[in-house]
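1. Sequence first, then the predicted structure, then my questions.
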Amino acid sequence: MDFPPFVLWGTALGLVNHFLFHKYEPSSANIALLVLPVQPVVLLVLLREPFSRLFYTYVVFLGSLSLSIVAYRLSPFHPLARYPGPVIAKVTKLWSTWKTAQGYKYLWHKELHDKYGPYVRTGPDELSVIDATAVCQILNFGGLEKGRYYESGRHKDTPPTIVSLSGEAHTARRRAWNRALTSACIREYEPLIVKRTSQLILCLRDRTHTTVDLVHWLDLFAYGFLFFSECAELTTNRYDLMGDLAFGGGFEMLRDGRDVDGVGERIRGFTKVSYLAGQVPWILRTIHLFPRVAREIQQFNNFGQNLAIQRMKNGAADEGGLEKQKPTLQTSAADGIAAVIGASDTTTSVLNSTVWFLLSNPEYYRRVKQELDTVFVDGDDLFDMSKHQELHFLNEALRLHPPLPSNGPRQIHLGQSGRTIAGRFIPEGTSVYTPAYSLHRNPDYFSPHPDKFLPERWLPDSKFENHDTSAFIPFSLGPANCVGQKFAKREMLMVLSALFKSFDIRFADGFDSEAWPMGMQDFFVVIRGPLLVNLTRRHHGILA
Ligand code: HEM
């Protein structure tokens, strides 16, 4: 059978393009978008064929290119061929991007791991791993670097944040953060946590006659908390993270009872857009050309910058001069943004989940109140941190509802040599997810009943069949783990103690409490629907 020359050459051109793009993978889709559309036109000119065949030439060219890509991705020659996974995910990243856009990537990962085991191919060049040994090697020192995903929230005109940095630059920036969040420094911040927590409790006290959306109030607490102006006073002799966190703000969301400046909306808009954009790093620079995406990222960066300017007016960071290079306004803004995102939705997510778990399990709720009543007898200072113990129910809530359920990916960048992790070879160019949500529910590490809220599994003398804390990573592991975890734990223990000591809480009448976790959407940090409760004042607590 004779094929017209444009069919033969169009097919060949598609195959050659696949070969070249595969070999010299460009870092941006912009190149492909420029190079691909012109080729059929040039082909027709060279073949001296009429332009009436242009449409068919495109079909042949793009068809051959696509088929060749699909065939290679499904073939035994693909470096990830030995890893199991759904065919659609092996063929295209669009499938997981679709799942991500719906906000349920964490549930999808869990489904896949239940079906295929601890190693799953979730994209053409992407793996998800929930083997604890491998996860430790991937995340820990000497493990894999952060993936290109982390560039997604950064507009080209703004400096990198601690989150998007890697290698030595990250280590240097991290030193400054570590200094600002030592245990001694956190003790200095305690009065500020106390102040905001008391304010939260007083606000809730005024609402004991009505139904309260706890998500709303805890959001106001967390966002407002990040912007309290007093933090500037703590800028004594170190690069002052909290100063940058606070920016010298002036937000009084708890007082106003609402997010007047739309800070929450901005944060969520930004994380959503950058999370989605980061799913396909190859098209990141192209996506940033879309006005909506660029506007969202740029607006948020500007927002951070304006707050940093305010912060600088209140006294510049690093008064102690410990940094060789003074943080610039842009750096302060960038890291301030990282702090806002890192510290707000994460903490409130755990607080809400903990309340939900306890109200759903009245026996545990009763025990928690009893424990608090024993530890803090009437007249004791509820904010005495020396009395706050590690609470097992908090760990259990973090296990079942980690606020970053999918976490960001690590990557073996192109040009680096592949790595053997826990005895399995991972080739260059692979992104690797270590989803905490699936890992924490893996029966190999937590059983029996990995999906059930059983705080006693955390007791030192518990007789649970499997309880492997190396698989518990709500704050991640290694050099880029959560720098704010000690601070977060302090804050959460303080708020929960105050809340449970001050109020009897119950789900509001008519509230579908069982459906509440189903509304949890994962856009890097979890977003939740309203948690409706009724509060009754207790005789103890700071309201007594
Ligand atoms: C329950 C509360 C929190 C949880 C569960 C949590 C969890 C995490 C996780 C899993 C990471 C690693 C992310 C990744 O690898 O992509 C992380 C990083 C980070 N967190 Fe947190 N976080 C919490 C609270 C906080 C707080 C209160 C702060 C600030 C005071 C904070 C600041 C940061 C920063 C700056 C990073 C980036 C660290 C780096 O790249 O070196 N987080 N957090």
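-> Arrived safely. Numbers count the residues shown, from 1 in each chain.
2. Can you tell me which residues in the stretch 151-300 of the chain are near the ligand?
-> 162-163, 174 (Cβ under 6 Å from any ligand atom). In this view, the C-beta of every residue, glycine as well, is placed from N, C-alpha and C.
3. any idea how far Ser513 is from Phe453?
-> 13 Å (Cβ to Cβ, to the nearest Å).
4. Strands of the stretch 51-200 of the chain, start to end?
-> Here the stretch 51-200 of the chain has its strands, by DSSP state E, counting those that start in this stretch, at 119-123, 126-129, 145-146.
5. Return the backbone torsion pair for the residue of the stretch 251-400 of the chain at minimum distance from the ligand.
-> The minimum distance from the stretch 251-400 of the chain to the ligand, using Cβ to the nearest ligand atom, falls at Gly342 (3.0 Å). With angles defined as degrees, to the nearest 10, Gly342 sits at phi -60, psi -30.
6. surely it meets Gln485?
-> No: applying Cβ atoms under 8 Å, one finds Gly342 not in contact with Gln485, separated by 10.3 Å.
7. neighbour-wise, which of those two wins?
-> Gly342 (23 against 14; other Cβ atoms under 10 Å).
8. In contact with that one, which residues?
-> With contacts defined as Cβ atoms under 8 Å, 6 or more residues apart in numbering, Gly342 is in contact with 163, 482-484.
9. And the residues you listed, which is closest to the ligand?
-> Using Cβ to the nearest ligand atom, those come closest to the ligand at Gly484, 2.2 Å.
10. Which pLDDT value goes with the closest one?
-> pLDDT, Gly484: 89.
11. likewise Leu36?
-> 92.
12. His18 is in contact with that one, correct?
-> No: contact criterion Cβ under 8 Å: Leu36 and His18 do not qualify, at 11.2 Å.
13. quick one: His467 and Gln370, what's the gap?
-> Separation of His467 from Gln370 (Cβ to Cβ) stands at 24 Å.
14. ditto for Gln102
-> Counting by Cβ to Cβ - Gln102 and Gln370 are separated by 41 Å.
15. residue ranges with poor pLDDT in the stretch 301-450 of the chain?
-> For the stretch 301-450 of the chain, applying pLDDT under 70 flags the ranges 304-305, 307-334, 336-337, 376-390.
16. Equivalent analysis for the stretch 51-200 of the chain, please.
-> Using pLDDT under 70, the stretch 51-200 of the chain drops low at 153-158.
17. Identify the residues contacting the residue nearest to His78 when sequence neighbours are not counted.
-> Using Cβ to Cβ, 6 or more residues apart in numbering and skipping the chain neighbours, the partner closest in space to His78 is Tyr72 (6.1 Å). Residues near Tyr72 by Cβ under 8 Å, 6+ apart: 18, 22, 78.
18. Just the ones of those residues in helices?
-> Using DSSP state H, the subset of the contacts of Tyr72 located in helices is 18, 22.
19. Among the contacts of Tyr72, find me the one that's closest to Ser68.
-> Nearest to Ser68 among those is His18, at 4.3 Å by Cβ to Cβ.
20. Spatially, and excluding backbone neighbours, which residue is closest to that closest one.
-> Nearest to His18 is Ser68, by Cβ to Cβ, 6+ apart, at 4.3 Å.
21. intersection of neighbour lists for Ser513 and Phe453?
-> Ser360.
22. phi, psi of Asp206?
-> The phi/psi pair for Asp206 (degrees, to the nearest 10) is phi -70, psi 0.
23. pLDDT score assigned to it?
-> 89.
24. do you know how far Tyr412 is from Gln137?
-> Small correction: residue 412 is Ile, not Tyr. From Ile412 over to Gln137 the distance is 12 Å, taken as Cβ to Cβ.
25. returning to that earlier point: neighbour count for Ser513 and Phe453, which is higher?
-> Phe453 (20 against 15).
26. Just the element for that one, please.
-> For Phe453, there is no host helix or strand (DSSP states H and E).
27. and what of Gly269?
-> Residue-wise, Gly269 maps onto helix 263-277 under DSSP H and E.
28. Please identify the buried residues of that helix?
-> Neighbour-count burial for helix 263-277 flags 263-264, 266-277 (criterion: 16 or more other Cβ atoms under 10 Å).
29. cool, stretch 470-485 as well?
-> Buried residues in stretch 470-485, counting neighbours by 16+ other Cβ under 10 Å, are found at 471-480, 482-484.
30. Name the residues that touch that stretch?
-> Outside stretch 470-485, the residues within contact range by Cβ under 8 Å, 6+ apart are 132, 135-136, 139-141, 143, 146, 162, 166, 170-171, 174, 177-178, 181, 339, 342-343, 395, 398-399, 402-404, 407, 434, 436, 439-440, 442, 444-446, 488.
31. before we move on, what about stretch 123-130?
-> 73, 78, 80, 83, 89-93, 95-96, 109, 112-113, 118-122, 135, 138, 409, 421, 426, 429-435, 438-439, 442.
32. Looks like Val70 contacts Val91 (just checking).
-> Yes: using Cβ under 8 Å, Val70 makes contact with Val91 at a distance of 5.3 Å.
33. Show me which residues of the protein are close to the ligand?
-> 162-163, 174, 338-339, 342-343, 346-347, 350, 403-404, 407-408, 474-476, 480-484, 487-488.
34. any idea how far the ligand is from Arg506?
-> According to Cβ to the nearest ligand atom, to the nearest Å, Arg506 stands 25 Å off from the ligand.
35. who touches that residue in this structure?
-> Listed by Cβ under 8 Å, 6+ apart, the contact set of Arg506 reads 359, 533-534.
36. So which of the residues you listed belong to strands?
-> 533-534 (DSSP state E).
37. Can I have the buried ones of the contacts of Arg506 as a PyMOL selection?
-> Burial among the contacts of Arg506 is assessed by 16+ other Cβ under 10 Å; the matching PyMOL selection reads:
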select buried, resi 359+533+534
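38. what would the contacts of Arg506 look like in CSV with distance to Tyr58?
-> Output for the contacts of Arg506, formatted as CSV (distance: Cβ to Cβ, whole Å):
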residue, distance to Tyr58
Leu359, 59
Val533, 58
Asn534, 62
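39. one step back: quick one, which of His467 and Gln370 is more surrounded?
-> His467 (15 against 10).
40. Chain neighbours aside, what residue packs nearest to the more buried one?
-> In space, His467 is closest to Arg457, 5.5 Å off (Cβ to Cβ, 6+ apart).
41. what does Pro448 give?
-> That would be Glu465: by Cβ to Cβ, 6+ apart, it lies 5.8 Å from Pro448.
42. give the contact list for Arg399.
-> Taking Cβ under 8 Å, 6+ apart as the test, what Arg399 contacts is 440, 446, 472, 474.
43. same thing but at 6 Å, please
-> Contacts for Arg399 (Cβ atoms under 6 Å, 6 or more residues apart in numbering) come out as His440.
44. and it, what element?
-> Using DSSP H and E, Arg399 falls in helix 392-400.
45. For that helix, output the C-alpha coordinates as PDB.
-> Extracted C-alpha coordinates of helix 392-400, given in PDB (Å, rounded to 0.1, in the frame of the first residue of the first chain):
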ATOM      1  CA  HIS A 392      -0.900  10.500  72.800                       C
ATOM      2  CA  PHE A 393      -4.100  11.500  71.200                       C
ATOM      3  CA  LEU A 394      -2.300  14.300  69.400                       C
ATOM      4  CA  ASN A 395       0.100  11.800  67.800                       C
ATOM      5  CA  GLU A 396      -2.800   9.700  66.800                       C
ATOM      6  CA  ALA A 397      -4.500  12.600  65.200                       C
ATOM      7  CA  LEU A 398      -1.300  13.500  63.400                       C
ATOM      8  CA  ARG A 399      -0.900   9.900  62.200                       C
ATOM      9  CA  LEU A 400      -4.400   9.600  60.800                       C
END
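46. What are the buried residues along it?
-> Buried-residue list, helix 392-400, by 16+ other Cβ under 10 Å: 392-400.
47. How far away from the center of its chain is it?
-> The gap between where helix 392-400 is centred and where its chain is centred comes out at 18 Å by Cα atoms, centre = their mean, to the nearest Å.
48. one step back: buried among the contacts of stretch 470-485? Make that a ChimeraX selection.
-> ChimeraX command restricting the contacts of stretch 470-485 to the buried ones, with burial defined by 16+ other Cβ under 10 Å:
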select :132,135,136,139,143,146,162,166,170,174,177,181,339,342,343,395,398,399,402,403,404,407,434,436,439,440,442,445,446,488
